[in-house]
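Colleague: sequence and predicted structure, then a few things I'm wondering about:
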Amino acid sequence: MKTLEMALKGLEKISTGLYRKDLLLSWEHTYADIETVLTIAEILKTLHQNNIVTQPFASGLAVSQFKDNSTRTRFSFASAANLLGLAVQDLDEAKSQLVHGETVRETANMLSFLTEVIGIRDDMYLGVGHNYMQEVASALDSGFADGVLNQRPVLVNLQCDLDHPTQALADLAHLKTVFGSLENLRGKKIAMSWAYSPSYGKPLSVPQGIIGLMSWFGMDVVLSHPPGYSLLPEVIDAAQRNTTASGGQFTTTQSMDEAFKNADIVYPKSWAPLGIMQRRAELFCNGDTAALKELEKEGLAQNARYKSWECTEEKMKLTRGGKALYMHCLPADITGVSCKEGEVQASVFERYRNDTYKEAGFKPFVIAALILAGKFQDPAKILDSFVSRRELRVRGNA
Amino acid sequence: MKTLEMALKGLEKISTGLYRKDLLLSWEHTYADIETVLTIAEILKTLHQNNIVTQPFASGLAVSQFKDNSTRTRFSFASAANLLGLAVQDLDEAKSQLVHGETVRETANMLSFLTEVIGIRDDMYLGVGHNYMQEVASALDSGFADGVLNQRPVLVNLQCDLDHPTQALADLAHLKTVFGSLENLRGKKIAMSWAYSPSYGKPLSVPQGIIGLMSWFGMDVVLSHPPGYSLLPEVIDAAQRNTTASGGQFTTTQSMDEAFKNADIVYPKSWAPLGIMQRRAELFCNGDTAALKELEKEGLAQNARYKSWECTEEKMKLTRGGKALYMHCLPADITGVSCKEGEVQASVFERYRNDTYKEAGFKPFVIAALILAGKFQDPAKILDSFVSRRELRVRGNA
Amino acid sequence: MKTLEMALKGLEKISTGLYRKDLLLSWEHTYADIETVLTIAEILKTLHQNNIVTQPFASGLAVSQFKDNSTRTRFSFASAANLLGLAVQDLDEAKSQLVHGETVRETANMLSFLTEVIGIRDDMYLGVGHNYMQEVASALDSGFADGVLNQRPVLVNLQCDLDHPTQALADLAHLKTVFGSLENLRGKKIAMSWAYSPSYGKPLSVPQGIIGLMSWFGMDVVLSHPPGYSLLPEVIDAAQRNTTASGGQFTTTQSMDEAFKNADIVYPKSWAPLGIMQRRAELFCNGDTAALKELEKEGLAQNARYKSWECTEEKMKLTRGGKALYMHCLPADITGVSCKEGEVQASVFERYRNDTYKEAGFKPFVIAALILAGKFQDPAKILDSFVSRRELRVRGNA
């Protein structure tokens, strides 16, 4: 357990660049922003471990809207809100409803009179989720400017069609813990690799979030996938640009083995073929349910051609010293456990199971950090005041 | 932003007449009660703007039961509860279930052991919702009298078949803000007018609430609708009686133009034909689903005969100086935006959009005011104590 | 209303034996554990009546998972969590989903990063619910031991296939109140009797909980039911063993009259035939929906042979002085009120209605007591600190 003193050494690294901003796509932010979120998250985690209250809010709502199923992100958001003193209220609209313009603007305002944060998951259709979040953000901007809202809620991207920043940031926080510092990531090789799964339509947001975010730290970022499973060109471009700027490199390959070779970190995870995702979004917008069913079959058939893309013991042996850190956003498709054939061999997953749990454990604190950074002009001052006050979170456990 | 000093001038206007009472139908209360709710709501809103904690409750539940869909009222109730320190717990019974007698009494008690407020929406069937709320209220009375409950939760009508008091009170708070005071409403003409909508079965509660509530202030209240769209006679009677007593007048007309002529305020909004609503309730109680489907067709056909009842720019020109305040409880059926033909022309709505948002923004505070007035013997003292304490709601934003 | 002084006399009876333990089956615990839970529950109830804050938690989640419908237990859990300062977050998985192994372990950890208590209802299938809870408990143990979780949430059994301990403990708290003390229960005769109901598949957990728990207090515990409605042998054994050890006796009979004769307390309540429940669980695990439908018919037919098992006025006359205390976990199947023919005659129920409401009123406090006892090394110290601090729960009502 980290001591409070160590945690507080991070305070000086906290910038104020995210104040009144929403981190919707992590590759569009700066190194300072990323470092700030991580540092705040770590300090909040340490304060929680040390049983210290971290509530700047005496009241206020945290609104969540999940347009796709979610268990772990839902609980992470609820945990983050509660940790800061906010009450969660879920907006339970029909899941796959397309809403635009007037409706979005009005609803965004109607939910926000006493709201400090809105968390949205809208990841199912390419070209939909990020646009929706931008519409909400802009409605909140004008609501606040026009005096409709007493405050401008911060918007947290709980996964869109393009990025899953709270996941990638939690992954990064885990890497920082395992490797000791962000600086220590320099020169490390991370393999973000496609892996086989018997399921359909997994968004591109996790792999895009990983290559987008990991590109800031001078790492050797390798993306591998079978033909037809490219990510979006603009994200590839951003990853390319950022790795170069940070003194690392970005490469792609169609060989899982090549990606794994001497990797320090591997992230084998399935996603849907880009072409399928593009047609799917189109069919959804046209409401063509029959064609959507057909497309699902096609997608599954395409996946089935690449069952050899599994993170096996053999593949793990290719990594640096055979001991790369295995990562996953969970739940993983574990061969013989959660499915017949999947992303990862059972013995590999079992060896890293606790690691993946700890990786996930950063998410509530990352979300809380995004809220703090977005809502407060001087987050370091807030954190400092928690420490000075040293109010006990669980009172009888003094 | 109102200063605290101005807000506190209202304290003397707060009566104690709502203590341990539920405001189920606003026309059955007194001017003093209405003024009290408004004043408390305004003070709470000002305290929120000034970042001051307004929580008399350190714990306690706020139970909500929505027997009809709701987004904005649901969030208003959640916001109000949270603002006062209560936690929301939703009672999610099957939506259109008819329950009576023993079941209502038992459930009302079972929910209330640690509950401070129950908010109910039950607006779909004429003759059902208000009766249900009365049953719940009476069950709470005996539960408290018999020592089953440590406290008697206040009941908040979040819309019944007869009235939508939290909406009408929010509308009134908006009018008070726009016109400067309740006194300034004297002599003003308000047109509550039916308007065309392509949807079916909208309750009578909003127009009834408006004519019922606006009748207290010496206004010229005009109700206009096509033949077959009358409101309930007893509500008309109450509006008649109250306008006369307050030095205003109440008239009805079957011409939208006549209603709009020289109006200071217009409230064009659709509702279902009274005859349809009466037969609908009967069919629902008999569980006659097929006949309910038929009735829907009939209702839509009846509406379609009055498409000219739209709040157009032309009609707005009839109002005082062409500048009447347009009001709506939202969401409005906006022609060419949310439907092909609807209640209001897009350019009219757009001009008043922010006004309608601000109108809606009073609802959380009105609900909170009803809770305070119902639960506390001396609400002014409570509000005063919030101000003296000046505890910051968002702590880092001092 | 109990004075604070009286309540605090209980403090010395509070043991620390439940610290970091889950009370999953009440017959497996000790008299001291049971007495501790009751005492804490009573003190919390008295503090609530006296308007005193009882929140050791400044933040933290209380996760609920209901795999069967629930209204009163859901609200009891929410009330208990709120009373202690925790926020409820519901895990809304598909209701009758069978999950095992990896999935249970992972989900249990993912929900628990900032969670202090998990409450589970899983009562529909014999051999399923208790096993599931044990899996969750063991996952939480390793998550805490492995450093994945900062704290080990306490698990509250909100009804499993074997026991309904929060109900039985609330029943016991009611008995203690009515008879004055646990000591006064010595020698009293309690009849836990099957009763007819026109519904299907009621779990065995309530009657098992009653004979399991009431066996600790030197009572004359009588279990009566028609042939085919036995409870599980291991629970009968535990009841047998515990009654003997406590100086009471345990008998079974197939005559409701015999059970009621000179009874001080009667608990007439329906449950499903053991054989049906065993086959049902098997069919469920095989996913045999058609056979499950058939089984329902069979179960209802079997019930229908025992319509005379009703708690009538006549049967009540058999009890001690005709005045036994009638108990029920609610909702009761009341003849002519909630069904045509049911568990209890309307006039009998009506006479004891308020008693059953008060009985139910202990449940939130029992759940809160289980949380306090499981989470704190010295619950008496916590309670004592609430009293010393005397912070007002509802501030304006001083």
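Modeller: Yes, it's here. Numbering: from 1, shown residues only, chains lettered A, B, ... in the order given.
Colleague: does the closest residue to A:Phe250 other than its chain neighbours lie in a helix or a strand, and which?
Modeller: Spatial nearest neighbour of A:Phe250, excluding adjacent residues (Cβ to Cβ, 6 or more residues apart in numbering or on different chains): A:Thr243 at 4.1 Å. No exception for glycine: its C-beta is placed from N, CA and C like everyone else's. Per DSSP states H and E, A:Thr243 falls inside helix A:233-245.
Colleague: mind listing what A:Asp161 touches?
Modeller: A:122-130, A:203-205, A:281 (Cβ atoms under 8 Å, 6 or more residues apart in numbering or on different chains).
Colleague: confidence score at it?
Modeller: Per-residue confidence (pLDDT) for A:Asp161: 97.
Colleague: got it, and A:Gln249?
Modeller: A:Gln249 is given a pLDDT of 96.
Colleague: how near is A:Thr16 to B:Ile265?
Modeller: Noted for A:Thr16: a distance of 45 Å to B:Ile265, by Cβ to Cβ, to the nearest Å.
Colleague: quick one, which of those two is more surrounded?
Modeller: B:Ile265 (25 against 14; other Cβ atoms under 10 Å in any protein chain shown).
Colleague: list the residues that contact the closest residue to that one other than its chain neighbours.
Modeller: In this structure, B:Ile265 finds its nearest non-sequential neighbour in B:Ile190, 4.2 Å apart by Cβ to Cβ, 6+ apart. The contact partners of B:Ile190, taken as Cβ under 8 Å, 6+ apart, are B:Ile210, B:Met214, B:Met219, B:Asp220, B:Val221, B:Val222, B:Ala263, B:Asp264, B:Ile265, B:Val266, B:Tyr267.
Colleague: doesn't B:Ile190 fall inside a strand?
Modeller: Yes. Under DSSP: H, G, I helix; E, B strand; the rest coil, B:Ile190 falls within a strand.
Colleague: who's it bridged to?
Modeller: Taking DSSP bridges as the rule, B:Ile190 bridges to B:Val221, B:Ile265.
Colleague: interface residues of the stretch 151-300 of chain A facing chain C?
Modeller: By Cβ under 8 Å from any Cβ of the partner chain, no part of the stretch 151-300 of chain A sits against chain C.
Colleague: what helix or strand is the most centrally placed residue in chain A on?
Modeller: What sits nearest the mean C-alpha location of chain A, by Cα atoms, centre = their mean, is A:Gln167, with 2.3 Å. Using DSSP H and E, A:Gln167 sits in helix A:165-179.
Colleague: and that helix, how far from the chain's centre?
Modeller: 9 Å (Cα atoms, centre = their mean, to the nearest Å).
Colleague: so what's the closest residue to A:Pro165 other than its chain neighbours up against?
Modeller: Once flanking residues are discounted, A:Pro165 sits nearest to A:Ser26: 4.4 Å by Cβ to Cβ, 6+ apart. Counting by Cβ under 8 Å, 6+ apart, A:Ser26 makes contact with A:Ile34, A:Asp163, A:Pro165, A:Ala168, A:Leu169, A:Gly209, A:Gly212, A:Leu213.
Colleague: and of those residues, the nearest to chain C?
Modeller: Using Cβ to the nearest Cβ, A:Leu169 is the member of the contacts of A:Ser26 that lies nearest chain C, at 15.2 Å.
Colleague: next up, the contacts around that closest one.
Modeller: A:Ser26, A:Ile34, A:Val37, A:Leu38, A:Ala41, A:Leu213, A:Phe362, A:Val366, A:Leu370.
Colleague: again, only using 7 Å
Modeller: A:Ser26, A:Val37, A:Leu38, A:Leu213, A:Val366 (Cβ atoms under 7 Å, 6 or more residues apart in numbering or on different chains).
Colleague: what number of residues are in the vicinity of the second one?
Modeller: To tie it back to what came earlier, the one meant is A:Val37. 31.
Colleague: likewise the one 5 residues further on?
Modeller: The burial metric for A:Glu42, expressed as a neighbour count using other Cβ under 10 Å, is 22.
Colleague: separation between it and C:Ala346?
Modeller: Taken as Cβ to Cβ, the span from A:Glu42 to C:Ala346 is 63 Å.
Colleague: cool, A:Asp264 as well?
Modeller: 74 Å.
Colleague: repeat that for A:Ala32.
Modeller: From A:Ala32 to C:Ala346 the distance is 72 Å (Cβ to Cβ).
Colleague: one more: A:Met133?
Modeller: 57 Å.
Colleague: can you give me the strands for the stretch 251-398 of chain A?
Modeller: A:265-269, A:325-326 (DSSP state E, counting those that start in this stretch).
Colleague: Provide a list of residues in contact with whichever residue of the stretch 1-150 of chain A sits closest to chain C.
Modeller: At 3.9 Å from chain C, A:Ser79 is the closest residue in the stretch 1-150 of chain A, using Cβ to the nearest Cβ. Residues in contact with A:Ser79 (Cβ under 7 Å, 6+ apart) are A:Pro364, C:Leu61, C:Phe113, C:Leu114.
Colleague: looking at this, A:Ile119 is in a strand?
Modeller: Not quite, residue A:119 is Gly, not Ile. Yes. Assignment of A:Gly119 by three-state DSSP places it within a strand.
Colleague: which residue packs closest to it, ignoring adjacent ones?
Modeller: A:Gly119 sits nearest to A:Val156 (Cβ to Cβ, 6+ apart), 4.3 Å away.
Colleague: are we agreed that that neighbour is in a strand?
Modeller: Yes. Counting by three-state DSSP, A:Val156 is part of a strand.
Colleague: what's near enough to touch the residue in the stretch 101-250 of chain A positioned nearest to chain C?
Modeller: Relative to chain C, the nearest point of the stretch 101-250 of chain A is A:Ala170 (10.8 Å; Cβ to the nearest Cβ). Applying Cβ under 7 Å, 6+ apart, we find A:Ala170 in contact with A:Glu359, A:Ala360, A:Phe362, A:Lys363, A:Val366.
Colleague: what comes up buried for stretch A:179-188?
Modeller: A:Phe179, A:Leu182, A:Leu185, A:Lys188 (16 or more other Cβ atoms under 10 Å in any protein chain shown).
Colleague: most widely separated two among those residues?
Modeller: Using Cβ to Cβ, the two most remote members of the buried residues of stretch A:179-188 are A:Leu182 and A:Lys188, lying 10.9 Å apart.
Colleague: which residues of chain A lie near chain B?
Modeller: Selection of chain A residues close to chain B by Cβ under 7 Å from any Cβ of the partner chain yields A:56-59, A:61, A:87, A:89, A:102, A:106-107, A:109-111, A:113-114, A:143, A:146, A:148, A:150, A:376, A:381-382.
Colleague: filter the residues you listed down to the ones in strands?
Modeller: Within those, residues falling in strands by DSSP state E are A:Leu61, A:Ala87, A:Gln89.
Colleague: nearest residue to the second one other than its sequence neighbours?
Modeller: Beyond its immediate neighbours in the sequence, the residue positioned closest to A:Ala87 (Cβ to Cβ, 6+ apart) is B:Asn82, lying 4.7 Å away.
Colleague: hang on, the one you found in a helix?
Modeller: Yes. The assignment for B:Asn82 is a helix, going by three-state DSSP.
Colleague: where are the low-confidence patches of chain A?
Modeller: A:1-2, A:94-102, A:397-398 (pLDDT under 70).
Colleague: so it: which segments form each domain?
Modeller: Taking automatic domain parsing as the reference, chain A has its domains at A:4-163+A:363-397, A:167-360.
Colleague: quick one: end-to-end distance for the shortest one.
Modeller: The separation between the terminal residues of domain A:167-360, taken as Cα to Cα, to the nearest Å, is 8 Å.
Colleague: now it, how far from the centre of its chain.
Modeller: On Cα atoms, centre = their mean, the centre of domain A:167-360 falls 13 Å from the chain's centre.
Colleague: just the first one next, same as before
Modeller: Relative to the chain's own centre, domain A:4-163+A:363-397 is displaced by 13 Å; criterion: Cα atoms, centre = their mean.
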